[in-house]
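S.K.: Coordinates for the following, if possible.
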Amino acid sequence: MRELTAKEKKYLQYAAIGLGVFAVYKAFKKVGKGVKNIFGDYSDEKELVESINKEQQKLSRQGMSLSYPTFQYRSYAEILKTAMGGIGTDEDAIYNVMSKMKNNLDVSELIKQYGTHIYAVSPIRYLYLDLSGWLTEELTTKELSKVNNILAANNITYKF
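M.R.: Numbers count the residues shown, from 1 in each chain. Sure, this is the predicted structure:
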């Protein structure tokens, strides 16, 4: 059997690292899908949607209605995912989306459309977070306060 070249050894190292990262990702993806939602409790994604639906029914009974069609909230959610995904955070994009929210029902629909996504706390620790969790992880206290002030200026009582 011949000895591997330096290039082949390097390739095998990269392949092993890649498989290791993939295995860790898969393992943590299977570990609980618990999320902390804006309503302050922990739940899985299905319970989160049910909680939001109940809240939306309550808000609708109070006379609130959505300001936009559902696809617009999906679009806003995608903007937020892009703003917070990858390296760095685009705070201006977040402020811009939040400034479009006109009532509590709008914010709850945005949270619902955002759903939950895996958030890498460290290379070996992952969480499933909803919009509230992502904002809390990605923004400083000052930036989060600015988001809450934008919402409050529109008479929205939700706080992140």
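S.K.: Residues contacting stretch 141-159, please?
M.R.: 38, 91, 94-95, 98-99, 101-104, 106-108, 135-136, 139, 160 (CB atoms under 8 Å, 6 or more residues apart in numbering). To be clear about C-beta, it is placed using only N, CA and C from the backbone, and glycine gets the same treatment.
S.K.: do that again at 10 Å, thanks
M.R.: The contact list for stretch 141-159 (CB atoms under 10 Å, 6 or more residues apart in numbering) reads 38-39, 55, 89, 91, 94-108, 110-111, 132, 135-136, 138-140, 160.
S.K.: Now, those that are in helices?
M.R.: Of the contacts of stretch 141-159, the ones assigned to helices by DSSP state H are 55, 91, 94-99, 104-108, 110-111, 132, 135-136, 138.
S.K.: of those, buried ones?
M.R.: Among the ones in helices among the contacts of stretch 141-159, the ones that count as buried by 16 or more other CB atoms under 10 Å are 55, 91, 94, 97-98, 104-108, 110-111, 132, 135, 138.
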